[in-house]
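*Asks:* what's the 3D shape of this:
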Amino acid sequence: LIGIVVVGAALFALRAYRALSGPPLHPWHTFVPAEMRQSELDAADWPRYLAREGQIFESVRAEVSQKLDRDERVPINRYFEDSPVYPAHFVQDWNRSYVMEPDGRPIGAVVLLHGLTDSPYSLRHIAKLYRDRGFVAIGIRLPGHGTVPGGLSKVRWEDWMAATRLAVREARRRVPAPGPLHLVGFSNGGALAMKYELDAIEDPKLLRADRLVLVTPMIGITRFARFAGLEKGQCLKEFVECTEPTGEHDQRPGSKEEVHLAQREVPKLKTEVWRDVGIGPLLVRQRDVEPHGLGACVRGSTIGRLHN
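*Replies:* Numbering: from 1, shown residues only. Model (predicted):
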């Protein structure tokens with residue numbers, strides 16, 4: 001045991017020595033912009049956030065771009081003001097927050113949340129698709145992103161959630177209910193979108209989204225999630241007309257039994273299941289041999305998707 005500890009300590013010391021003996025960090029590694037924190041974000045509105053964002057990018061120009069050493073002033077350095085890839089030279093700096101407005105009155109609003117170490121740039125094409133379909137699209141730059149790598153060294157996930165709430169407030173200000181509100185999240189943005197909606201279920205002060213669009217979300221699902229709602233599965237029994245084994249040649253994946261529901265009970269079932277079990281839509285089909293019945297494929301007590 002002592003030998004293992006000694007070897008481990010030696011490897012750690014070697015790793016620390018190699019890290020500290022490397023080349024010095026560049027200004028964009030050490031400078032940390034003064035981002036708004038959770039309490040400030042929750043009290044801010046969209047114009048105030050954009051004003052602070054402008055100050056942040058100006059501080060990056062002053063503390064990084066204008067303080068580069070001679071050997072760092074090269075065309076491939078995006079922080080060099082004379083570089084062709086310097087973001088401020090483009091027609092629009094997609095590292096910053098943006099709003100895309102449709103022609104005419106918007107029919108809905110969408111909030112777009114980018115991923116970790118990313119920027120609003122990554123979701124601009126989805127934003128344009130929404131705009132072309134009549135939505136106002138709000139792409140917010142999450143704190144610590146789009147500036148310098150050092151910006152992520154002191155940011156917290158609570159700041160990102162507060163920024164998400166701010167963007168949703170602005171979306172609803174521009175398109176009040178009952179206009180649809182969508183949340184689009186990519187990677188870590190998908191986790192933020194899901195967390196926001198779960199928080200909104202518990203907190204009536206938060207504005208609910210009508211749809212979540214998750215693009216490769218940074219979400220892990222425990223294997224125990226399969227048991228969610230089983231205690232409420234008994235609510236299905238009162239709607240069941242009969243149960244019988246599936247046919248010998250039934251090719252539907254995972255089907256073991258077919259539950260036939262009384263047609264008169266289907267509208268009530270939809271209401272009860274959506275409210276109590278939280279799954280939907282309930283997919284049903286008319287049976288060829290029994291025109292007055294509706295069938296739903298289930299496995300155990302969980303409603304499954306029918307395959308025609």
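*Asks:* What values do phi and psi take at Gly185?
*Replies:* Reported as degrees, to the nearest 10, the phi and psi values for Gly185 are phi -130, psi 130.
*Asks:* Please apply the same query to Leu181.
*Replies:* Torsion angles, degrees, to the nearest 10, at Leu181: phi -120, psi 120.
*Asks:* Find me the pLDDT at it, would you?
*Replies:* Looking at Leu181, its pLDDT reads 96.
*Asks:* cool, and Gly293?
*Replies:* You'll see Gly293 listed with a pLDDT of 34.
*Asks:* Same question for Leu1.
*Replies:* Note on Leu1: pLDDT of 76.
*Asks:* ditto for Ile4
*Replies:* Confidence score, pLDDT, at Ile4: 87.
*Asks:* same deal with Ile138?
*Replies:* 98.
*Asks:* which residues does it bridge with?
*Replies:* Val99, Val111 (DSSP bridges).
*Asks:* Could you pull up the residues touching it?
*Replies:* 97-99, 109-112, 167, 170-171, 174 (Cβ atoms under 8 Å, 6 or more residues apart in numbering). All C-beta spots, glycine's among them, are computed from the backbone N, C-alpha and C.
*Asks:* mind running it again at 10 Å?
*Replies:* If you count contacts by Cβ atoms under 10 Å, 6 or more residues apart in numbering, Ile138 has them with 46, 97-101, 109-113, 120, 127, 130, 166-168, 170-171, 174.
*Asks:* taking those one by one, which sit in helices?
*Replies:* 46, 127, 130, 166-168, 170-171, 174 (DSSP state H).
*Asks:* and those residues, which are buried?
*Replies:* 46, 127, 130, 166-168, 170-171, 174 (16 or more other Cβ atoms under 10 Å).
*Asks:* As TSV, the residues you listed with distance to Ala191 and pLDDT would be great.
*Replies:* What follows is these, written out as TSV (distance: Cβ to Cβ, whole Å; pLDDT from 0 to 100):
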residue	distance to Ala191	pLDDT
Trp46	23	97
Ala127	20	96
Tyr130	21	97
Leu166	17	98
Ala167	15	98
Val168	16	97
Glu170	21	97
Ala171	19	97
Arg174	25	97
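*Asks:* Looking at the residues you listed, which one is closest to Arg61?
*Replies:* Trp46 (22.9 Å; Cβ to Cβ).
*Asks:* that older thread, can the ones in helices among the contacts of Ile138 go into JSON lines with extra columns for distance to Glu53?
*Replies:* Converted to JSON lines, the ones in helices among the contacts of Ile138 look like this (distance: Cβ to Cβ, whole Å):
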{"residue": "Trp46", "distance to Glu53": "10"}
{"residue": "Ala127", "distance to Glu53": "17"}
{"residue": "Tyr130", "distance to Glu53": "22"}
{"residue": "Leu166", "distance to Glu53": "12"}
{"residue": "Ala167", "distance to Glu53": "12"}
{"residue": "Val168", "distance to Glu53": "17"}
{"residue": "Glu170", "distance to Glu53": "13"}
{"residue": "Ala171", "distance to Glu53": "17"}
{"residue": "Arg174", "distance to Glu53": "18"}
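*Asks:* Between all of those, which two are separated the most?
*Replies:* Greatest spatial distance among the ones in helices among the contacts of Ile138 (Cβ to Cβ): Tyr130 and Leu166, at 19.0 Å.
*Asks:* Looks to me like Glu58 is in a strand.
*Replies:* No. Assigned with DSSP: H, G, I helix; E, B strand; the rest coil, Glu58 falls outside any strand and is helix.
*Asks:* and it, how many neighbours does it have?
*Replies:* Applying other Cβ atoms under 10 Å, we find 11 residues neighbouring Glu58.
*Asks:* circling back to that earlier point, just the buried ones among the ones in helices among the contacts of Ile138 now: which is nearest Ile76?
*Replies:* Using Cβ to Cβ, these come closest to Ile76 at Ala127, 28.5 Å.
*Asks:* Hmm, Arg133 and that closest one touching each other?
*Replies:* No. Counting by Cβ atoms under 10 Å, Ala127 stays clear of Arg133, with 11.0 Å between them.
*Asks:* Need the residues touching each of those two.
*Replies:* If you check Ala127 and Arg133 against Cβ under 10 Å, 6+ apart, the residues they both contact are Val110.
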